[in-house]
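Visitor: give me a 3D structure for the following:
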Amino acid sequence: MNILISTIGQGIIWSLLAIGLYITFRILNFPDMTVEGSFPLGASIAAISIYSGHSIFYSLSISFIGGSLAGLTTAILYTKLKIPILLSGILTMTALYSINLRILKKANLSLLDKKTIFSYFRDLPANFNIILVGIIVIFITIILLILFLNTEMGQALIATGDNEIMAESLGISIDNMKILGLMVSNGLIALTGAFVAQQSGYADITMGIGVIVIGLAAIIIGEVAFGELSLTNRIIAIVVGSIIYRLILLAVLQLGFNPNDLKLISAIILAICLALPKFRETTKFLLKRGIK
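Guide: I've put the predicted structure just below:
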């Protein structure tokens, strides 16, 4: 039972990563590889800050700022220097490996004897503190994100992703919108890293490897499971998708698979989810032909 509760809690916490990735992957409609650098950046900043005696909320704040600056770097490479977005993200991600190593001053840093945000709820039953913190963080994030997306600037961001030519004809600075989107996205992703580091009890410079697959899996599972939804419901579906993804991984481990194969399993799950819409389309076509 404790494993199930812990898995649900992790799904809620990791959904923050998926929400951040959703901004670039779905709203702005381009892939951002900065994710795999900004995630451990947030974890590294939070860990060294907590280890140095700073408050938890200060640590979370500067983690978000650090992630936003990483997104800004990618955005400048993409919008001002005209480097393709995929390559811009890879360049920033590669640079962040060295930066994260400089921040931590070693490959990893333990937080097991330090006070984290989860320590405030240590009196709750085992692993319920993860769920409670996750619900609070996701609730605040969804509310703030929806409020922002319903502002004039938020609508300009959505318009940029839908149709750049039309957005530009309406007087929207598409470069500024892409910069804003990348900053908010990577800020949320770095914040996820900060929470995961506190929940896991350590920060490691390699913990960002494969996180883009985790985020994409949560987005795709949410979309496949619930279909066409409003923007608010779509973001909530991402949270549910993240929990479902974690439960799938738990089921796989319970079946006796090697934990070292989790990255491989994650990639397979994502590939299956991405292929499902095409499979449904083909099935419907064949059924129609069969009926005729």
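Visitor: I131 reaches Q10, doesn't it?
Guide: No: using CB atoms under 8 Å, I131 is not in contact with Q10; the gap is 9.4 Å. Any C-beta I mention is one placed from the backbone N, CA and C, and that applies to glycine too.
Visitor: looking at these two, which is more packed in?
Guide: Between I131 and Q10, counting by other CB atoms under 10 Å, Q10 is the more crowded of the two (23 against 20).
Visitor: distance-wise, check that one relative to N127.
Guide: Relative to N127, Q10 is positioned 9 Å away (CB to CB, to the nearest Å).
Visitor: N108 touches I205, doesn't it?
Guide: Yes: counting by CB under 8 Å, N108 touches I205, with 7.1 Å between them.
Visitor: quick one: which of these two has more around it?
Guide: Neighbour totals were compared for N108 and I205, and I205 leads with 24 against 15 (other CB under 10 Å).
Visitor: hmm, the more buried one is touching S98, no?
Guide: No: under the criterion of CB under 8 Å, I205 is not in contact with S98, lying 9.2 Å apart.
Visitor: could you tell me which residues touch both of the two?
Guide: Taking CB atoms under 8 Å, 6 or more residues apart in numbering as the contact rule, I205 and S98 have no neighbour in common.
Visitor: list the buried ones in the longest helix anywhere in the chain?
Guide: For the chain, the helix with the greatest residue count under DSSP state H is helix 262-291. Buried residues in helix 262-291, counted by 16 or more other CB atoms under 10 Å: I265, S266, I269, L270, C273.
Visitor: look up how far I248 lies from the first one.
Guide: When CB to CB is the yardstick, I265 and I248 sit 8 Å from each other.
Visitor: would you mind pulling up the elements that the one helix or strand S44 maps to packs against?
Guide: Element membership for S44 (DSSP states H and E) is helix 35-51. Judged by 3 or more CB pairs under 8 Å, 6 or more residues apart in numbering; DSSP states H and E, helix 35-51 is in contact with helix 2-22, helix 56-79, helix 85-104, strand 108-110, helix 174-200, strand 202-204, helix 211-226.
Visitor: how distant is it from the center of its chain?
Guide: On the basis of CA atoms, centre = their mean, to the nearest Å, helix 35-51 sits 14 Å off its chain's mean C-alpha point.
Visitor: ok, back up a step: now for the buried residues of helix 262-291: which two are most distant?
Guide: Pairwise distances across those (CB to CB) peak at 12.6 Å, for the pair I265 and C273.
Visitor: quick one: low-confidence residue ranges for this protein.
Guide: Residue ranges of the chain with pLDDT under 70: 1, 285, 289-292.
Visitor: go again with 80.
Guide: Low-confidence segments of the chain (pLDDT under 80): 1-2, 122, 125-126, 227, 276-292.
Visitor: hang on, the earlier thing: and the direction of the longest helix of the chain versus that of helix 211-226, what angle?
Guide: Relative orientation of helix 262-291 versus helix 211-226 (axes from the mean of the first three to the mean of the last three CA atoms, to 10 degrees): 30 degrees.
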